[in-house]
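*Asks:* Predicted model, plus sequence, below.
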Amino acid sequence: MTTFSSTLVVRPVELSDLHRIKEILVASIPAGKEVDHAMQSIVSSLNNANSVRYYVASSSKAIYGLMGITDSNIDPQLCDSHEKPIELVNAYVQPRLRARGVGGILADKLEQIAIDEGYTKLIIVSGSRNRVSGYPFWRKRYGEPTRIDPDYWGATNERVVWTKKIA
Ligand SMILES: CC(C)(COP(=O)(O)OP(=O)(O)OC[C@H]1O[C@@H](n2cnc3c(N)ncnc32)[C@H](O)[C@@H]1OP(=O)(O)O)[C@@H](O)C(=O)NCCC(=O)NCCS
């Protein structure tokens, strides 16, 4: 199976990426308002109106995946006061290109950005919808979750948290 380590670049999202990113989100997220919320957040980010930074894994004009990083709105329960936390958000790879290394390349890059900027703790928060599609990726990368909060987002809808000390 082809992997992309030599052909992909990870770069900040650009305005011209938006329609390709939306295709990935629509293919990845069950119908509802979440695609719109995510797109609004990406547009706000491009306008410097929020503190999320979005990156794409790209080759030529194609967009293979998206991941964001932010130090805002982090649940204080997930870190100690002496820590400088940052969170990975909105991790999505085109369905037909999953399990070929794209998500790992994005996470490697964002983790390095966090280290370079002096953050001390990386946080990933996930929930039941991603049990099959997302948990295995984070578990493979960061081991067993640091925390599982059953019913956090409603009955049978747990919050699962991975953390990694990066300094
Ligand atoms: C999660 C996601 C971003 C990971 O991206 P990816 O490109 O598929 O991940 P990679 O190919 O870099 O995977 C790295 C490793 O994790 C494993 N892995 C990733 N997703 C997996 C899954 N759903 N089930 C089992 N293993 C998985 C890969 O097999 C790979 O293992 P290897 O190193 O032994 O080859 C992507 O699968 C995705 O978009 N999922 C749907 C959306 C989602 O759930 N996002 C997470 C929200 S918290």
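*Replies:* Ah, there it is.
*Asks:* count of residues packed around residue 59?
*Replies:* 13 (other CB atoms under 10 Å). Any C-beta I mention is one placed from the backbone N, CA and C, and that applies to glycine too.
*Asks:* Quick check: it touching residue 9?
*Replies:* Yes: using CB atoms under 8 Å, residue 59 is in contact with residue 9, at 7.2 Å.
*Asks:* Near the ligand, which residues of the protein are found?
*Replies:* Taking CB under 6 Å from any ligand atom as the contact definition, the chain meets the ligand at 28, 91-93, 98-104, 126, 130, 132-134, 136-137, 140.
*Asks:* Of those, which belong to helices?
*Replies:* Judged by DSSP state H, helices contain the following of these: 28, 102, 103, 104, 136, 137, 140.
*Asks:* Buried among the residues you listed? Need that as a selection in PyMOL.
*Replies:* In PyMOL syntax, the buried subset of those is picked out as below (16 or more other CB atoms under 10 Å):
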select buried, resi 28+102+103+104+137
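*Asks:* And for the closest residue to the ligand within the chain, nearest residue in space, chain neighbours not counted?
*Replies:* As assessed by CB to the nearest ligand atom, the ligand sits closest to residue 103 within the chain, at 2.1 Å. Once flanking residues are discounted, residue 103 sits nearest to residue 93: 5.1 Å by CB to CB, 6 or more residues apart in numbering.
*Asks:* Ok, residue 165 next?
*Replies:* residue 121 (5.8 Å).
*Asks:* For the one you found, which residues are in contact?
*Replies:* 79, 83, 84, 85, 86, 163, 164, 165, 166, 167 (CB atoms under 8 Å, 6 or more residues apart in numbering).
*Asks:* redo that, cut-off 7 Å
*Replies:* 79, 83, 84, 85, 163, 165, 166 (CB atoms under 7 Å, 6 or more residues apart in numbering).
*Asks:* That'll do, ta.
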